[in-house]
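J.: This is the structure alone, sequence omitted:
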């Protein structure tokens, strides 16, 4: 799964990385959680140019008409089939922008957080799907991040990882004409482990109210708690 991620890269660097302009104002975020507003990119109706937007993380399909948060993640294995995701996957794919994500490794009763990011430090894009509709005059846009089996690096910590798209696959993923799942399902693979790094970070990130850079403070993983037979 993907339950927390970061985006603290300056807007100018994001624009340069994705070769676009007009990024909505975003502040550095170090502990993005479901129901938060996330920066995402989709293809405009003309089918030729990309557009930015802020979306609520947690997909709510238009037919539900429920403003409560929907699922934050969709599994690559079933995203093309489940009713909640099927139409969005076929017609409304997007890029969710990030520069790292967290996963927790369970050791006994202890959960140690790790931050995964690119070795070159650049921002990247998760494979996302979105939906949008209007309720009582309010325009609502929500999204979900697709997950897949982990690469060798993430697999040391967790049994799932978010799908990270290669830059050369962005246009294919965003193509509004590619409505056949077979055209894009091959993109939902684990990202090469050799291009990523992981860092054990402070357990401060475990509290979603903690949003500052201290979430990324390097820390030694805590060992499993031992219980004395003589206590």
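T.: Perfect, thanks for sending it. Source: prediction; values computed, not measured.
J.: shaky segments in the chain?
T.: Residue ranges of the chain with pLDDT under 70: 65, 224-231.
J.: residue ranges for the helices of it, please.
T.: In order along the chain, the chain carries the following helices (DSSP state H): 11-18, 83-91, 170-174.
J.: Columns mean neighbour count and distance to residue 223 on top of these, output as CSV?
T.: Any C-beta I mention is one placed from the backbone N, CA and C, and that applies to glycine too. Shown next, in CSV, are those (neighbours: other C-beta atoms under 10 Å; distance: least, C-beta to C-beta, whole Å):
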stretch, mean neighbour count, distance to residue 223
helix 11-18, 15, 38
helix 83-91, 18, 39
helix 170-174, 18, 41
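J.: Of those helices, which is nearest residue 197?
T.: Comparing those by their distance to residue 197 (C-beta to C-beta), the top pick is helix 11-18, with 17.8 Å.
J.: quick one: contacts of the closest one?
T.: Among residues not part of helix 11-18, those counted as contacts by C-beta atoms under 8 Å, 6 or more residues apart in numbering are 9, 21, 23, 25-26, 39, 41, 50, 95, 97, 122-123, 125, 170.
J.: Mind giving me the PyMOL select for those, buried ones only?
T.: Isolation of the buried members of the contacts of helix 11-18 (16 or more other C-beta atoms under 10 Å) is achieved in PyMOL through the command below:
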select buried, resi 9+26+39+41+50+95+97+123+125+170
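J.: any idea which of the contacts of helix 11-18 is closest to residue 137?
T.: For the contacts of helix 11-18, the nearest to residue 137 is residue 25 (23.6 Å; C-beta to C-beta).
J.: any idea how far residue 86 is from the residue nearest to the closest one when sequence neighbours are not counted?
T.: The shortest distance from residue 25 to any residue other than its chain neighbours is 7.7 Å, reached at residue 11 (C-beta to C-beta, 6 or more residues apart in numbering). Taking C-beta to C-beta, to the nearest Å as the measure, residue 11 and residue 86 are separated by 34 Å.
J.: Could you do residue 182 as well?
T.: Residue 182 sits at a distance of 14 Å from residue 86 (criterion: C-beta to C-beta).
J.: Kindly report the same for residue 183.
T.: Distance of residue 183 to residue 86, given as C-beta to C-beta: 15 Å.
J.: Now stretch 205-221: buried residues?
T.: Using 16+ other C-beta under 10 Å, the residues of stretch 205-221 that count as buried are 205, 211, 215, 216, 219.
J.: end to end, how far does it reach?
T.: Between the opening and closing residues of stretch 205-221 there is a gap of 13 Å (C-alpha to C-alpha, to the nearest Å).
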